[in-house]
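**Q** Structure here, sequence nowhere to be found:
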């Protein structure tokens, strides 16, 4: 499969797209070939999603052309994209939970008035065989594991005979097992001549899957590595080459590299730190159960303790009780039984507000839906948890100057990129909203902080800075409970890692060599003796 | 990979404390379009309707002006404004928090019945100013009391307040009728009404006008409510609850207390509207089954004013003129006075349409992903020809 052997299926030529204040794509040219996995690599905000949007018809480019089979076409809607044979699997599930797999698949198909159930079932069987996956047509989408749901999404994208499959950050929600399954499916599709665009910000995925890697940075295509280069260069050289592309020529001397270097040192220091960590208990959950909400499970009989200066991770597949755990600790959800203690004082019946005053904070994973009020300004969002308190309110009256001054301080301390503290939070990027929330929770004497998916959807740089913030909190005499579906993240920052599975604590393991495998087996539930 | 400096990474400007004038200007334009255009369209559509009914729209509208504004008639419109304004701010307080007190008619009727029932004896025995203050407080208490139960149910059990407030309205109106026909019935007459408070014991006029002092009460209420909503912790809590209830819970706002407080404030203001209505120089008594339902006509204007207590004043003034002048104009033109309701309904209709269009347009500025906005806009755009 050399570069000249196959004519490109789809070519993007000099694509540019700008949003107010941001050049999302700047003169990007790419080609997608049959039987090739083309990885688009870049940080969040590098323009990957915009490019996907343009390919899938959700976004129109400002300039540039798209050529399919050598013919210039205009993709003005998702429907046209499908008609041109471009199927897209979006980052977040588009399946309707209450419908069956087959019903979900038939939804997009409006060619006929009557539902062709038998035809659809046959098509599903055909595609499932092609991917070598097993999918039961009558199972409800909600009952499928995330990896399986993704396979349904892939089938949905291929339903109308797509020749190009776009996978937008397909691994962000997957367990290690599901990832290898996905790898296999991608391999099958490749063999069958499918062109695949694989979007990711994880370098190792790009290296293991890609036949061609294009690196985007600030909306520009900063480098492309073809199949030959990928095969002939040693992996370590490739890695540093790509990192240089992602972070720019000056990377070894400029801002990012020292940070990465620091990271490595941090990991080495971790061991020293761990020795003194966790002697005094700061937060204790004693046989706590709490109800679930909707499709999310609650928690049952969870017992755990968090020590001073400790970072305790909670691993598990999304929806296994993570939110219930976080909300029970924060005080947003009443436990049905059990006791919660902060510094050995019972707080089970204290309100959210009272717990905040005691230094218990919660960084929610639902940034726009719960963590902030999008139409309110950055400065008011920074003070949402202190409404009515001096010196920012006096006799119930808002002291706008005091609020704005302190907000400006926090904005610069936490490096929130916002045009002004008066800007509406809803207009900021996910990473900056996360920083606003961190600034709010980690100011005014935090002691124990619950982080729910603290780096979900953030770019590498912000992720690094968030993780450092968590470490600083723990080092500075606080403690952190970090709930995350990203196992690598937990292994990187945590002292111990608990595994939550179907609402129960499957076990707690000390971080160390071989921890990933132990957690993996706890997640699937075949490591009972590890349960402490 | 030569040039790495792109706008996205450029250090952003230092935080500034105001948005630019341009954005403010365009926001004002937006507000004007959304608020004024529906009214104008409704007047135009109403005019077409009038023409279809064989009435000259010009004559009709100029009659409205003549009887509602000129020759001192504006003073009568101003008196009409008072209860409308108080109800409007009473609704704004709860609507801001995304709570729906639709029980205004019941709260108003019950408070009106109580003021009319206790008024005659109070004004007889006490100094007038003291009696008036007491009656306003009584009305506020009754209104708040009637709003308490739905607020409590909402706060405690999450019961849908739209349903409970509407139900409480039926009970409130019937209870008011019962009180008027029973304990508060004027024994001297047959008609089911309360004893009339003598004219000289009603609210005194503002010197030099025939407008009673309750207009000052109403304006004070407008200013106080606006201040509380925009400058105080209570107002911000209401705003947070209205904009994002999950966030309100997350940040530790005590939702039950806040919900009940909002309902009580709303009911109290609506109760005061009833006191202003009964004690205005036109009345002094209420009759069973004839207590007005002002809230119904005022609701569209509350939304047109974007739940802003100050912005609602011109709308209420507009409606007061339309209502005062329209009654005469309609009878001049041989139309039923219900024609005014048609106009109000038209305003609602156009408001909804403009709101729908405006919301589509504003999506970009809100928190909906940009890609989705584009997709939503696509069907509205002319399809460019296929590039060659």
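**A** Sure, I can see it. It should be emphasised that the depicted structure is a prediction, and the values quoted were computed from it without experimental measurement. Numbers count the residues shown, from 1 in each chain, chains lettered A, B, ... in the order given.
**Q** Please count neighbours and contacts with C-alpha atoms only from this point.
**A** Noted.
**Q** Any idea which residue is closest to the centre of chain B?
**A** The residue at the geometric middle of chain B, judged as the C-alpha nearest the mean C-alpha position with C-alpha atoms, centre = their mean, is residue B:88 (2.6 Å).
**Q** Could you find the closest non-adjacent residue to residue 350?
**A** Reading this off chain A. Sequence neighbours aside, residue A:331 is the residue nearest to residue A:350 in space, at 7.0 Å (criterion: C-alpha to C-alpha, 6 or more residues apart in numbering or on different chains).
**Q** Please refer instead to chain B.
**A** Of all residues apart from its sequence neighbours, residue B:38 sits closest to residue B:350 (C-alpha to C-alpha, 6+ apart), at 4.9 Å.
**Q** Can you report how many residues lie near that neighbour?
**A** Around residue B:38 there are 22 other residues, counting by other C-alpha atoms under 10 Å in any protein chain shown.
**Q** Would you mind pointing out the helix or strand it falls in?
**A** Per DSSP states H and E: residue B:38 is located in helix B:21-52.
**Q** helix or strand right after that helix?
**A** Sequence-wise, the next helix or strand downstream of helix B:21-52 (DSSP H and E) is helix B:57-68.
**Q** tell me the average confidence for that following helix?
**A** When pLDDT is averaged along helix B:57-68, the result is 89.
**Q** how does chain A divide into domains?
**A** Per automatic domain parsing, the domain ranges recorded for chain A read A:8-254, A:264-359+A:446-532, A:366-444.
**Q** Okay, strands next: where are they in the stretch 1-150 of chain A?
**A** For the stretch 1-150 of chain A, applying DSSP state E, counting those that start in this stretch gives strands covering A:8-19, A:22-33, A:37-41, A:63-68, A:71-73, A:86-89.
**Q** Could you check the angle the first one makes with strand A:22-33?
**A** Between strand A:8-19 and strand A:22-33, the angle formed by their directions is 180 degrees, by axes from the mean of the first three to the mean of the last three C-alpha atoms, to 10 degrees.
**Q** end to end, how far does stretch B:182-191 reach?
**A** 12 Å (C-alpha to C-alpha, to the nearest Å).
**Q** Next: stretch A:59-76.
**A** The distance separating the two terminal residues of stretch A:59-76, taken as C-alpha to C-alpha, comes to 8 Å.
**Q** Spit out the contact partners of the residue of chain A most remote from its centre.
**A** The outermost residue of chain A, judged against the average C-alpha position, is residue A:395 (42.3 Å), by C-alpha atoms, centre = their mean. For residue A:395, the contact set (C-alpha atoms under 8 Å, 6 or more residues apart in numbering or on different chains) comprises residue A:388.
**Q** Report pLDDT for it.
**A** Model confidence at residue A:395 (pLDDT) stands at 86.
**Q** near chain B, which residues of the stretch 1-150 of chain A?
**A** Near chain B, the residues belonging to the stretch 1-150 of chain A are A:21-23, A:50, A:53, A:57-60, A:72-74, A:76-77 when assessed by C-alpha under 8 Å from any C-alpha of the partner chain.
**Q** which of these sit farthest apart?
**A** Among these, the pair separated by the greatest distance (C-alpha to C-alpha) is A:21 and A:72, at 29.1 Å.
**Q** close enough to count as contact, residue B:75 and residue B:211?
**A** Yes: taking contact to mean C-alpha atoms under 8 Å, the distance of 5.9 Å between residue B:75 and residue B:211 places them in contact.
**Q** Who has more neighbours out of these two?
**A** Taking residue B:75 and residue B:211 together and counting by other C-alpha under 10 Å, residue B:211 has the greater number of neighbours (23 against 18).
**Q** Leaving out chain neighbours, which residue sits closest to that one?
**A** The shortest distance from residue B:211 to any residue that is not its chain neighbour, by C-alpha to C-alpha, 6+ apart, is 5.2 Å, and that residue is residue B:205.
**Q** What about that neighbour, how many residues nearby?
**A** Applying other C-alpha under 10 Å, we find 15 other residues in the vicinity of residue B:205.
**Q** How confident was the prediction at residue A:103?
**A** On the pLDDT scale, residue A:103 gets 88.
**Q** Could you measure from it over to residue A:152?
**A** Applying C-alpha to C-alpha, the value for residue A:103 to residue A:152 is 11 Å.
**Q** between the two, who's got more neighbours?
**A** Comparing residue A:103 with residue A:152 by other C-alpha under 10 Å, the one with more neighbours is residue A:152, at 27 against 21.
**Q** Now do the helix or strand hosting that one: everything it contacts.
**A** Taking DSSP H and E as the criterion, residue A:152 maps to helix A:146-158. Taking contacts as C-alpha under 8 Å, 6+ apart, the residues outside helix A:146-158 that touch it are A:86-89, A:93-95, A:101, A:105, A:124, A:127-128, A:133, A:135, A:141, A:165, A:170, A:173-175, A:178-179, A:181-182.
**Q** Among those, which are located in helices?
**A** With DSSP state H as the criterion, helices contain A:101, A:105, A:124, A:127-128, A:178-179, A:181-182 from among the contacts of helix A:146-158.
**Q** Buried ones only from the residues you listed, please, as a ChimeraX command.
**A** For selection in ChimeraX, the members of these meeting the burial criterion (16 or more other C-alpha atoms under 10 Å in any protein chain shown) are listed in this command:
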select /A:101,105,124,127,128,178,179,181,182
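**Q** Of the ones in helices among the contacts of helix A:146-158, which one scores lowest on pLDDT?
**A** The lowest pLDDT within these belongs to residue A:178, which sits at 76.
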